[in-house]
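Visitor: Pasting the sequence and the predicted coordinates here, then a few questions.
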Amino acid sequence: MNWKITTPIVPLLLSMFGTVFSPQLAMACTRAVYHGEDNLVITGRTMDWKEDLHSDLWLFPQGMQRNGNAGSNSIKWTAKYGSVVTSAYGIATTDGMNEKGLVANMLWLVESQYPAFGGQKPTLSLAAWAQYVLDNFATVQEAVNALESEPFIVVTGDVPGQQRMAALHLSLSDASGDSAMFEYIDGKLMIHHSRDYQVLTNSPSFDQQLAINKYWQGIGGNVMLPGTNRAADRFVRAQFYINAIPKYHQARLAASSVLSVMRNVSVPFGITTPEEPNISSTRWRTLADQKNKLYYFESALGSSTFWVDLKQVDFAAGAPVKKLTLGKDEMADFNGEVSAEFKISPPFQFLAADIADNG
């Protein structure tokens, strides 16, 4: 399709990309969902951050008693589903898949503004948002149906060791290939729900990311793609490549192909761009094969890609919580399927959030 451009290109792009150049430090991540043959669905993501995230992998069983850890009105729940997750700083679930194939990814969004606490609804720490979804829902539709009524207030808190508040949006995908994005803009929950919403990066908000992508679709990815590390450029490349790669039915071929896409949208390790502080090095990547229930992990500083086969994990109520310690800079090297390498461990506590921080 040939697009007729009626708006001057430079002002248009400046207006689209302006919010990307926010003078704040942030993590710059990318998430993409692959739709293959024979109901094969794989979600890949990069985690980009300026320092060691102290990440580890965890196995959480069904039946865990949870607390939103956001003041005296914190929501409480019992985990319906078991999950494998990647933590950050030992205080947050930032990525993971549950035993039903629902995947949750947390990405930075500097425009996030969470609702003020009015004293009526229960509260939930932002650090536990992804875990709440993994614990309670099997599909994206279930999550959308439950969360669109806003049964709780999401409460943010300080990034560990930094003088700033965490600002994140949440993406979900399930074994059917369905997707949804959840963002708090001006204190209001915005839900973008469609199987077509395969890609998410950082700033600007998701509706503006779609507008940017529409412009580039008019040019055509085989003609030219934006090549910088900026969030909007990574969105366009991920959207093009995740649909350009072959529609495999072989799980290993598909996983390798999706991983190559995620490497393409990664930020090289050690890159710093003072005039673009939203850009950070990719620390690690994950893939979730939602049909075969395989969760892959690859560190930027490790020497191998390894995975957890959820079918080999005991997620029954009463089973122990287990942890796979990745060490400094997630450099621990594992090979192949690693479910037997996890060790029994007390679960981490979600970051305590202060309702005063939400305004």
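Guide: That came through, no problem.

Visitor: List the residues that contact the residue nearest to residue 96 when sequence neighbours are not counted.
Guide: Once flanking residues are discounted, residue 96 sits nearest to residue 85: 3.1 Å by CB to CB, 6 or more residues apart in numbering. In this view, the C-beta of every residue, glycine as well, is placed from N, C-alpha and C. Going by CB atoms under 8 Å, 6 or more residues apart in numbering, residue 85 touches 57-58, 60, 93-97, 130-131, 134.

Visitor: Next, format the residues you listed as a markdown table and append pLDDT and distance to residue 117.
Guide: Shown next, in a markdown table, are the contacts of residue 85 (pLDDT from 0 to 100; distance: CB to CB, whole Å):
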| residue | pLDDT | distance to residue 117 |
| --- | --- | --- |
| 57 | 98 | 33 |
| 58 | 98 | 29 |
| 60 | 98 | 27 |
| 93 | 96 | 22 |
| 94 | 95 | 24 |
| 95 | 97 | 27 |
| 96 | 98 | 27 |
| 97 | 98 | 31 |
| 130 | 97 | 21 |
| 131 | 98 | 21 |
| 134 | 98 | 24 |
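
Visitor: The residue nearest to residue 96 - that's part of a strand, no?
Guide: Yes - judged by DSSP: H, G, I helix; E, B strand; the rest coil, residue 85 forms part of a strand.

Visitor: tell me which residues form a beta bridge with it?
Guide: Taking DSSP bridges as the rule, residue 85 bridges to residue 58, residue 96.

Visitor: Next one: it relative to residue 323, how far apart?
Guide: 10 Å (CB to CB, to the nearest Å).

Visitor: and for those two, which residues touch both?
Guide: Residues touching both residue 85 and residue 323 (CB under 8 Å, 6+ apart): 57-58.

Visitor: Any chance of the contacts of residue 85 in a markdown table with neighbour count as columns?
Guide: Listed next are these as a markdown table, based on neighbours: other CB atoms under 10 Å:
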| residue | neighbour count |
| --- | --- |
| 57 | 27 |
| 58 | 21 |
| 60 | 25 |
| 93 | 25 |
| 94 | 26 |
| 95 | 30 |
| 96 | 25 |
| 97 | 29 |
| 130 | 25 |
| 131 | 30 |
| 134 | 28 |
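
Visitor: Go through those and say which is closest to residue 316.
Guide: residue 60 (12.0 Å; CB to CB).

Visitor: Is it correct that the closest one is in contact with residue 79?
Guide: Yes - Residue 60 lies in contact with residue 79 (CB atoms under 8 Å); the separation is 6.6 Å.

Visitor: between these two, what contacts are shared?
Guide: residue 135.

Visitor: Next, count neighbours for residue 153.
Guide: 27 (other CB atoms under 10 Å).

Visitor: Then residue 36?
Guide: Neighbour tally, residue 36, other CB under 10 Å: 23.

Visitor: Surely it touches residue 249?
Guide: Yes - using CB under 8 Å, residue 36 is in contact with residue 249, at 6.3 Å.

Visitor: Quick one: residues contacting residue 291.
Guide: 38-41, 101, 175, 251.

Visitor: Of the residues you listed, which is the most crowded?
Guide: That'd be residue 41 among the contacts of residue 291, by other CB under 10 Å, with 24 neighbours.

Visitor: hang on, isn't that one packed against residue 176?
Guide: Yes - if you go by CB under 8 Å, residue 41 and residue 176 touch, sitting 7.1 Å apart.

Visitor: quick one, phi psi at the residue lying closest to residue 80 once chain neighbours are set aside?
Guide: Of all residues not flanking residue 80 in the chain, residue 136 sits nearest, at 5.6 Å (CB to CB, 6+ apart). The phi/psi pair for residue 136 (degrees, to the nearest 10) reads phi -110, psi -20.

Visitor: For residue 136, grab the count of nearby residues.
Guide: For residue 136, the count of nearby residues is 19 (other CB under 10 Å).

Visitor: so residue 91 makes contact with residue 350?
Guide: Yes - contact criterion CB under 8 Å: residue 91 and residue 350 qualify, at 6.2 Å.

Visitor: Of the two, which one has the most company?
Guide: Comparing residue 91 with residue 350 by other CB under 10 Å, the one with more neighbours is residue 350, at 25 against 19.

Visitor: Identify the residues contacting that one.
Guide: Per CB under 8 Å, 6+ apart, neighbours of residue 350: 67-69, 91-93, 125, 127-128, 131.

Visitor: got it, and residue 281?
Guide: 48-50, 267-272, 300.

Visitor: Apply 6 Å and report the result again.
Guide: 267, 269-271 (CB atoms under 6 Å, 6 or more residues apart in numbering).
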